[in-house]
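Q: Got a predicted model here, sequence first, then my questions.
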Amino acid sequence: MKKVFLVFFVLIAAFIFAENWIFEMQTIELPTGTAENEIYIYETPDNLEDAPDEGPTVFQIDENCNIYILDRYQIKKFAEIGEFICSTRATDIQIVSFVVHQNLIWTICGDHQNNVYLRRFDDDCQLIDTNKIENRKSSLAVNQNGKVGLNLGNNNFLEFSFYGNELITSYAVFLNDCRLDFSARERRHKVLFPEENIELDLFEIWPNEIGHTLIGFDEEGNLYFNIYSEPLQDSGLGIISCSGEVIETNVVLPHYTKFGFDFARGIPNIVTPDGAIYQMIPKTDKIEIRKWKRIE
């Protein structure tokens, strides 16, 4: 009974005292085409607005606001003003996902024999090393301890580190002070703070919405969620602070219907450690990078 009352009190307080963060948007444009300094997209035969049927779906931002985009199994690096810097170039081992962390590009790669590798590149896109790893269908990520590894779900994290030139893997947690309890089948989207005995139900905080997706977290531990009312409409951005407070924002994230059907899983977006939100939007004549920065 005590726990139920606490959860109810937290939810009421969340509605009454929710903060409101205001973000300002800027747009960065990158060229499309077949040259090394351009991003390739596929033409759209169905003329669905100005959206391509297929194009890049993975991108990252480094500490200096440089932009990295996975384009046909190679990574291309651009300055924040849109100027091309370098690329990893195509190899026999194809890059399928990556993260950028502390001036290194960490990549998961595969060959035609279904072998999986961890490859690292420096910030000039030059190869540093290659290590064969266990075949896992998990996403490459950086956890709240600042370690690169594989996010296995349910707060389980396979951490990568090096002892000399030897790759060491060890189990850790993805989020430190809280954990997510998400189940689409059971319509359960909860954020739990075990030490404070706080349990937040996102369906109760945002009762008119049909789903929530974790975008990422900033260096203070605030959690950023993509919140959508309908699967084929634009979505909003909501934040749960590291202490369990609800933060509303003015950010609207373009979603499904403005893009080709291959993007039906959503337009990629990320959060950087300083709390900026980025979204990559492929179009037929350019790649748009939208950046939202908090102003108040």
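A: On my side now, so go ahead. Numbering: from 1, shown residues only.
Q: Which strand residues bridge the closest residue in space to Asp62 that isn't next to it in sequence?
A: Excluding the flanking residues, the one nearest Asp62 by C-beta to C-beta, 6 or more residues apart in numbering is Val100, at 4.6 Å. Placement of C-beta: from N, CA and C, glycine included. With DSSP bridges as the criterion, Val100 is bridged to Ile105.
Q: Now for Val100: which residues touch it?
A: 60-62, 68, 106 (C-beta atoms under 8 Å, 6 or more residues apart in numbering).
Q: Mind checking which of the residues you listed are in strands?
A: 60-61, 68, 106 (DSSP state E).
Q: Out of those, which comes closest to Leu30?
A: Checking the ones in strands among the contacts of Val100 against Leu30 by C-beta to C-beta gives Tyr68 as the nearest, at 11.2 Å.
Q: how many neighbours does that closest one have?
A: 24 (other C-beta atoms under 10 Å).
Q: Tell me the pLDDT of it.
A: On pLDDT, Tyr68 comes in at 97.
Q: OK, contacts around it?
A: 59-62, 75-78, 98, 100, 105.
Q: What separation do you get for the closest residue to it other than its chain neighbours and Val271?
A: Distances taken as C-beta to C-beta, 6+ apart put Gln60 closest to Tyr68, at 4.5 Å, once the chain neighbours are dropped. Gln60 sits at a distance of 11 Å from Val271 (criterion: C-beta to C-beta, to the nearest Å).
Q: Between the two, which has more neighbouring residues?
A: Legend: neighbour count by other C-beta under 10 Å for Gln60 and Val271, higher for Gln60 (24 against 21).
Q: Quick check: which ranges of the stretch 1-150 of the chain have low pLDDT?
A: 1-18, 42-54 (pLDDT under 70).
Q: Where do the helices of it begin and end?
A: Assigned by DSSP state H, counting those that start in this stretch, the stretch 1-150 of the chain shows helices spanning 2-17.
Q: Okay, the residue lying closest to Trp21 once chain neighbours are set aside and Asn222: tell me how far apart.
A: Of all residues not flanking Trp21 in the chain, Thr249 sits nearest, at 5.0 Å (C-beta to C-beta, 6+ apart). Note on Thr249: its distance to Asn222, by C-beta to C-beta, is 11 Å.
Q: overlap in contacts of those two?
A: Taking C-beta under 8 Å, 6+ apart as the contact rule, the neighbours common to Thr249 and Asn222 are Ile239.
Q: and Ser107, what does it touch?
A: Small correction: residue 107 is Thr, not Ser. Here Thr107 is in contact with 75, 88, 95, 97-98, 118-121, 140 (criterion: C-beta under 8 Å, 6+ apart).
Q: Just give me the neighbour total for Phe98.
A: Neighbour tally, Phe98, other C-beta under 10 Å: 23.
Q: Chain neighbours aside, what residue packs nearest to it?
A: Thr107 (4.2 Å).
Q: how close does the one you found sit to Ile128?
A: 11 Å.
Q: what is in contact with the two at once?
A: Contacts common to Thr107 and Ile128, judged by C-beta under 8 Å, 6+ apart, are 120-121.
Q: and Ile289, how many neighbours?
A: Ile289 is flanked by 21 other residues according to other C-beta under 10 Å.
Q: From what I see, it and Ile277 are in contact.
A: No - judged on C-beta atoms under 8 Å, Ile289 makes no contact with Ile277 at a distance of 11.1 Å.
Q: what about the nearest residue to Val116 once chain neighbours are set aside, distance to Gln126?
A: Counting by C-beta to C-beta, 6+ apart, the nearest residue to Val116 once its immediate chain neighbours are dropped is Asn135, at 4.7 Å. Distance from Asn135 to Gln126, counting by C-beta to C-beta: 26 Å.
Q: Same check on Arg188?
A: From Arg188 across to Gln126, the span is 45 Å (C-beta to C-beta).
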